[in-house]
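Enquirer: Return a 3D structure for these sequence lines:
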Amino acid sequence: MTSNDTPPGAVSPGIRGNLGVWIAFGSAFGLLFGVVVGGFSANLALGVSLGLSLGAGLGVAAWAVFSARRNTRGE
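Expert: Alright, predicted model coming up:
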């Protein structure tokens, strides 16, 4: 059996502690954005590559902001 209890001061597991999930969601939304924008601009490869890179960067930024806000509240 496993326990859900964490030691005092330990970071609780969850989406805010998993950077990879944030990058994956950012990339997925960036890919969708890139396909739409690339389809309209007739350059699908450029739209997808920009969408993936910007989406991953936005995922990291969202993770950092979300983690910082939770840490300042003491959660």
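Enquirer: Could you use CA atoms for every contact and neighbour count after this?
Expert: OK.
Enquirer: buried residues in the helix or strand hosting Ser27?
Expert: Using DSSP states H and E, Ser27 maps to helix 19-41. Using 16 or more other Cα atoms under 10 Å as the test for burial, helix 19-41 gives 19, 21-38.
Enquirer: quick one: average pLDDT of it?
Expert: Helix 19-41 comes out with an average pLDDT of 81.
Enquirer: Just the residues contacting that helix, thanks.
Expert: Identification of contacts with helix 19-41 by Cα atoms under 8 Å, 6 or more residues apart in numbering yields 15, 44-60, 62-63.
Enquirer: Mind checking which of these are in helices?
Expert: Using DSSP state H, the subset of the contacts of helix 19-41 located in helices is 44-60, 62-63.
Enquirer: Which among those count as buried?
Expert: Here, 16+ other Cα under 10 Å leaves 44, 47-60, 62-63 buried among the ones in helices among the contacts of helix 19-41.
Enquirer: Next up, the contacts around Ala62.
Expert: Ala62 sits next to Trp22 when contact means Cα under 8 Å, 6+ apart.
Enquirer: For it, give its distance to Leu32.
Expert: Distance, Ala62 to Leu32, by Cα to Cα, to the nearest Å: 18 Å.
Enquirer: Ok, Ser53 next?
Expert: Per Cα to Cα, Ser53 is found 12 Å from Leu32.
Enquirer: do the same with Leu44
Expert: Separation of Leu44 from Leu32 (Cα to Cα) stands at 11 Å.
Enquirer: likewise Phe40?
Expert: In this structure, Phe40 and Leu32 are 13 Å apart, going by Cα to Cα.
Enquirer: Looking at stretch 64-75 now, give me its mean pLDDT.
Expert: Mean pLDDT, computed over stretch 64-75, is 69.
Enquirer: do the same with stretch 49-60
Expert: Stretch 49-60 carries an average pLDDT of 83.
Enquirer: Name the residues that touch it?
Expert: By Cα under 8 Å, 6+ apart, the list of residues contacting stretch 49-60 from outside reads 19, 22-35.
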